[in-house]
Structure formats: C-alpha cells, structure tokens
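Colleague: Provide a 3D model corresponding to the input given below.
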Amino acid sequence: MTNTQPLRPQRSSIHDDTCPSFEEALELVGRRWTGSILAAAAQGARRFGEYRATIDGISDRLLTQRLKELEANGLIERTVIPSTPVQIRYDLSADGRALVQALQPLTKWSIQRSARRAR
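Modeller: Numbers count the residues shown, from 1 in each chain. Below you'll find the model as predicted:
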C-alpha cells in the first residue's frame, strides 16, 4: 500500500536554551518608558532631571522605579558623587550600551514601518 497523504514538513520545537533569556530581555525592554530611558541615556542624559526633561510625560515615581530596575539588571550604573548637595549620575553600563546598539535595527524598522503606514 502507498500512503496518499501529502508530506508535512517537520516542525522543530521553538523552546530551546535561548528562549527564556530572550523572553526576559523582551519583557525588560518592553516595559513602559524603558526604551525612552535607554535612548535618553544614549543621548547623554546623566542626572535625574535630565532624564525627566528628555522623556516627555514620565512621572518622577515611574522614572525612579525604571532606573532602579535597569540598575538591578546591570544596564544602568548609578554613581553617587559626594558633594554638597550630593549628586547622583546614571550612566549606561557596557551591557546597556550593547543593548542600545542591538536595538538600533529594531528602532530603524519601527520608524520605516510607521512611515509606510502613514501613507
């Protein structure tokens, strides 16, 4: 007897060792304001007021929360400068700079997509 059913391509499992860390990265950068904070840091924001002035519409509470999350995830480095008054700086870490660089193609794609949709 011959099998008359068409052959179906074999599907491989999507879950592999990289999926959990990739999902974690997407979850982190997908949080509200995170992309804007990373972009502001890449553009030179260092002090809290600079971030707030650069990111239109973010509240102080949410900016504080996101900066703490980014610091906890090793993307932002917080430096306390012992002066009067005390100054606090937030800089991209090496991982933060690498992430911003990795997101550049996605940023370009989203701008091009928006332009196409606006036509």
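Colleague: quick one: buried residues of the helix of greatest length in the chain?
Modeller: Assignment by DSSP state H gives helix 94-118 as the longest helix of the chain. Across helix 94-118, burial judged by 16 or more other CB atoms under 10 Å covers 96, 99, 100, 103. C-beta here means a position set from N, CA and C on the backbone, and glycine is covered the same way.
Colleague: out of those residues, flag the one nearest to residue 89.
Modeller: residue 96 (13.4 Å; CB to CB).
Colleague: hang on, isn't the closest one packed against residue 71?
Modeller: No. Taking contacts as CB atoms under 8 Å, residue 96 lies outside contact range of residue 71: 9.7 Å.
Colleague: phi and psi next, for the residue nearest the centre of the chain.
Modeller: When CA atoms, centre = their mean is applied to the chain, the residue found nearest the centroid is residue 29 (3.0 Å). Phi and psi for residue 29, reported as degrees, to the nearest 10, are phi -70, psi -20.
Colleague: do you know how far it is from residue 108?
Modeller: As for residue 29, its distance to residue 108 is 15 Å (criterion: CB to CB, to the nearest Å).
Colleague: which strands and helices sit next to the longest helix of the chain?
Modeller: Where contact means 3 or more CB pairs under 8 Å, 6 or more residues apart in numbering; DSSP states H and E, helix 94-118 is packed against helix 19-29, helix 34-42.
Colleague: rebuild those as JSON lines, extending it with distance to residue 64.
Modeller: JSON lines is the format used below for these (distance: least, CB to CB, whole Å):
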{"stretch": "helix 19-29", "distance to residue 64": "17"}
{"stretch": "helix 34-42", "distance to residue 64": "11"}
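Colleague: which of the ones you listed comes out lowest on mean pLDDT?
Modeller: Per-stretch mean pLDDT for the helices and strands packed on helix 94-118 is lowest at helix 19-29 (a mean of 85).
Colleague: for it, C-alpha coordinates in PDB please.
Modeller: What follows is helix 19-29 as a C-alpha-only set of coordinates in PDB (Å, rounded to 0.1, in the frame of the first residue of the first chain):
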ATOM      1  CA  CYS A  19      14.200  31.200  24.800                       C
ATOM      2  CA  PRO A  20      14.000  32.100  28.500                       C
ATOM      3  CA  SER A  21      16.700  34.700  28.300                       C
ATOM      4  CA  PHE A  22      15.400  36.100  25.100                       C
ATOM      5  CA  GLU A  23      11.900  36.400  26.600                       C
ATOM      6  CA  GLU A  24      13.400  38.000  29.700                       C
ATOM      7  CA  ALA A  25      15.100  40.600  27.500                       C
ATOM      8  CA  LEU A  26      11.900  41.400  25.600                       C
ATOM      9  CA  GLU A  27      10.000  41.700  28.800                       C
ATOM     10  CA  LEU A  28      12.600  44.100  30.200                       C
ATOM     11  CA  VAL A  29      12.900  46.400  27.200                       C
END
